[in-house]
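In: what's the 3D shape of this:
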Amino acid sequence: MSKPKILVIEDDNNMRIALNMRLKAAGYETIFATDGLSATIVAFKEVPDLVLLDLGLPAGDGFVVMERIRNNAKLCCVPVIVLTAREVRGNKDRALAAGAYAFFQKPADNEALMDAIERALKGTGALAT
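Out: I've put the predicted structure just below:
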């Protein structure tokens, strides 16, 4: 049985390293993109099982990336979890309305984030984080 593949879209190198360590320790395969343009290309090529998405990205913010994912037939049902440093007010409602499974502000509680990932991959109902 193959490991679930998670696309981490994050421009901060330290955050990518930390997420990679957490996700691999939990048994997930990780792939990465560092900006909005490469995120779309990697997502279309790799068709991940889940996307962890930062909103503040160069070359197209996270909302643009999420719109492209939602409008692609192969990716439209892939769960997207937003993990961002942006302010919750306004961004959380906008992300959830755009189809995000869950919204976390950095620094996120590791247990809650990992629980959301597990639930999203199992197809359990959306979270109101």
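In: What's the local residue count around residue 61?
Out: If you count neighbours by other C-beta atoms under 10 Å, residue 61 ends up with 17. C-betas here are computed from N, CA, C, even on glycine.
In: Distance-wise, check it relative to residue 2.
Out: For residue 61, the distance to residue 2 (C-beta to C-beta, to the nearest Å) stands at 31 Å.
In: Mind checking what secondary structure the nearest residue in space to residue 95 that is not next to it in sequence has?
Out: Excluding the flanking residues, the one nearest residue 95 by C-beta to C-beta, 6 or more residues apart in numbering is residue 82, at 4.6 Å. At residue 82, secondary structure determined by DSSP: H, G, I helix; E, B strand; the rest coil is strand.
In: gap between residue 82 and residue 31?
Out: Counting by C-beta to C-beta, the gap from residue 82 to residue 31 is 18 Å.
In: more neighbours, the two?
Out: residue 82 (27 against 16).
In: Where does the prediction get shaky in the chain?
Out: Residues of the chain meeting the criterion pLDDT under 70: 1, 124-129.
In: hmm, try it at 50
Out: 128-129 (pLDDT under 50).
In: Which parts of it are strands?
Out: 5-9, 29-33, 50-53, 80-84, 102-105 (DSSP state E).
In: Please list all residues in contact with the residue positioned nearest the centre of the chain.
Out: Geometric centre of the chain, nearest residue: residue 52, 1.5 Å, by C-alpha atoms, centre = their mean. Contact partners of residue 52, counting by C-beta atoms under 8 Å, 6 or more residues apart in numbering, are 6-10, 19, 81, 83, 117.
In: again, only using 10 Å
Out: Residue 52 sits next to 6-10, 15-16, 19, 23, 30, 32, 79-83, 104, 108, 113, 116-117, 120 when contact means C-beta atoms under 10 Å, 6 or more residues apart in numbering.
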